[in-house]
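>>> Structure for the following, please:
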Amino acid sequence: MSQQTPRWDAELYDDKHSFVYKMAEELLVQLGPQPGEHILDIGCGTGHLSAKIAASGALVTGIDRSPEMIRQARAAYPQIRFELADARSIPLKTPFDAVFSNATLHWIKEPERVVHEIARLLKPGGRFVAELGGHGNIAKLVEAAKRAWLNLKFTQPMPNPWYYPSLPEYTGLLEKHGLQVSYAILFDRPTRLEEGENGLGNWLRMFGGAILGELSEDERDRFIQEAVHEARLELFKNAQWVVDYRRLRVIASAA
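The predicted model follows:
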């Protein structure tokens, strides 16, 4: 998420980037949803993880800032409540037993506003379970993208749409807002992209919207081609793109 919301391609997300939600199985175990619990899924995307949580018998509300994602989630899982909402100002008042988020919070460059909302919406003793990009996430890919930007001599600075906090930074932010952190880890998770040779180009089209947004169609194509070229030496291995993901996972509870 950014101040100006990039347009998300929900079909491309489901078709070529299913690893985003498939890699969250362990995180769901740590959430441990129980029948009858009210759980908020921040950044629900196309709803696949919300559906897995709901399969436990929990009552799930999924929110996302992308109309395309919410539209697809509602079509796929009409029995689950999905709302178009900004995590910096969530239009809900009913408290939740748990707040869950996967691969979303690093898109929001006003993290304090989000943490304030999470703390506000949790019941006393309620838990917050999340994973996001942490400090150093996709560092090699970002450097390759910067080189590509310079090579193409674009006049404007390359946008940086991401917030990748360190572990002390993020846990300190949670504690500042009254959330007690019981578990926190920053770990490397090299991630293989789908569709072989085309994987990184697909990734940039899917997740690089905030970088590509001000470019013309021709400039976008040239940038993607140049970024793929610059990243190849370090990130293309055994006919597959392996991106240098680093994740920050936290569990905290409301006082």
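>>> Next, the contact list for the residue nearest to residue 230 when sequence neighbours are not counted, please.
The spatially closest residue to residue 230, leaving aside those adjacent along the chain, is residue 144, at 4.0 Å (Cβ to Cβ, 6 or more residues apart in numbering). Bear in mind the C-beta positions are built from the backbone N, C-alpha and C, glycine included. Residue 144 sits next to 227, 230, 231, 234, 235 when contact means Cβ atoms under 8 Å, 6 or more residues apart in numbering.
>>> Any idea how many residues pack against the third one?
When you say that, I think you mean residue 231. Number of residues near residue 231 (other Cβ atoms under 10 Å) recorded here: 24.
>>> and the nearest residue to it once chain neighbours are set aside, helix, strand or coil?
Distances taken as Cβ to Cβ, 6+ apart put residue 144 closest to residue 231, at 3.7 Å, once the chain neighbours are dropped. Following DSSP: H, G, I helix; E, B strand; the rest coil, the label given to residue 144 is helix.
>>> what's the answer for residue 125, then?
Residue 125 ends up strand, using three-state DSSP.
>>> close enough to count as contact, it and residue 252?
No: the criterion here is Cβ atoms under 8 Å, and residue 125 misses it with residue 252 at 11.4 Å.
>>> Look at these two and report which has more neighbours.
Neighbours per residue (other Cβ under 10 Å) separate residue 125 from residue 252, with residue 252 holding more: 26 against 10.
>>> what about the spatially closest residue to residue 149 that is not a sequence neighbour, neighbour count?
Distance criterion Cβ to Cβ, 6+ apart; nearest residue to residue 149, sequence neighbours excluded, is residue 158 at 4.3 Å. If you count neighbours by other Cβ under 10 Å, residue 158 ends up with 13.
>>> list the contacts for residue 158?
145, 146, 149, 211 are the contacts of residue 158 under Cβ under 8 Å, 6+ apart.
>>> out of the contacts of residue 144, what pair is the most spread apart?
Spanning the widest gap among the contacts of residue 144 are 227 and 234, at 12.2 Å by Cβ to Cβ.
>>> the more surrounded of these two?
Legend: neighbour count by other Cβ under 10 Å for residue 227 and residue 234, higher for residue 227 (26 against 13).
>>> buried ones in the helix or strand where the more buried one lies?
Element membership of residue 227, judged by DSSP states H and E, is helix 217-235. For helix 217-235, a neighbour-count test (16 or more other Cβ atoms under 10 Å) marks 220, 222, 223, 224, 226, 227, 228, 230, 231, 235 as buried.
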